[in-house]
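**Q** would you be able to build a 3D model of this:
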Amino acid sequence: MIDYQYCPRCATPLVERSDPAEDGGRLRRICPDQGCGFVHWNNPLPVVAAIVEYEGKILLARNAAWPEGMFALITGFLEHGETPEAGIAREVREETALEADAIDLVGVYEFIRKNELIIAYHVRAHGTIALSPELLEYRLVEPAKLRPWRAGTGQALAEWMRRRGLPFEFVDRPGQ
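**A** Residues are numbered from 1 along each chain as shown. The predicted structure follows:
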């Protein structure tokens, strides 16, 4: 999340203002230079997430920046001009070398802490797993043994399990 202090167009220090008539009174950072007109909207970023099903199991991966034992879904940002379905197929391919056979929407979830909007899919995939440098390791987990986490993509995993009649308990963080 970018916390602008200065206008990225003219370098004038930004000020906080609200306009009840235009945006319901939300506080926004704007450029006070009348000729510039920059407004920092601070909208959430769209992120795609995949519950990757591979040979009947769910693939969870550990990002290189995460502590040992923390595994989660495959995720990534959408590229300009890309549909969410194309974006998640690309992310699965880039991060695992797997090809998507089927892509089904699970749901859309807020991740307020990171100012993201997660579009989650169940992706059936095939091929040989080869992780990108972004990921250190992976686990293949039987669906009934999955333990969704309370935030972000964990809500999507819980919904996917619920639709399949699988019992689950939430854990505090991914991979527990």
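**Q** give me the number of residues near Arg17?
**A** 12 (other CB atoms under 10 Å). In this view, the C-beta of every residue, glycine as well, is placed from N, C-alpha and C.
**Q** so it is in which element?
**A** Assigned by DSSP states H and E, Arg17 falls within strand 15-18.
**Q** what mean pLDDT does that strand have?
**A** Strand 15-18 carries an average pLDDT of 88.
**Q** now do it: which elements does it pack against?
**A** In terms of contacts (3 or more CB pairs under 8 Å, 6 or more residues apart in numbering; DSSP states H and E), strand 15-18 is packed against strand 27-30.
**Q** report the longest strand in this protein, please.
**A** In the chain, with assignment by DSSP state E, the single longest strand is strand 99-111.
**Q** that one: what's the following helix or strand?
**A** strand 116-126.
**Q** which residues touch that next one?
**A** Applying CB atoms under 8 Å, 6 or more residues apart in numbering, the contact partners of strand 116-126 are 44-54, 59, 73, 75, 84-85, 88-89, 92, 96, 98-111, 152-153, 156, 159-160.
**Q** swap the cut-off to 7 Å and go again
**A** Identification of contacts with strand 116-126 by CB atoms under 7 Å, 6 or more residues apart in numbering yields 44-54, 84, 88, 92, 98-111, 152-153, 156, 160.
**Q** helices and strands around the longest strand of the chain, which ones?
**A** Where contact means 3 or more CB pairs under 7 Å, 6 or more residues apart in numbering; DSSP states H and E, strand 99-111 is packed against helix 84-96, strand 116-126, helix 153-163.
**Q** can you redo the ones you listed as JSON lines with mean neighbour count and distance to Arg17?
**A** Formatted as JSON lines, the helices and strands packed on strand 99-111 follow (neighbours: other CB atoms under 10 Å; distance: least, CB to CB, whole Å):
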{"stretch": "helix 84-96", "mean neighbour count": "20", "distance to Arg17": "33"}
{"stretch": "strand 116-126", "mean neighbour count": "21", "distance to Arg17": "25"}
{"stretch": "helix 153-163", "mean neighbour count": "20", "distance to Arg17": "34"}
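**Q** right, and those - which one's nearest Val141?
**A** helix 153-163 (10.3 Å; CB to CB).
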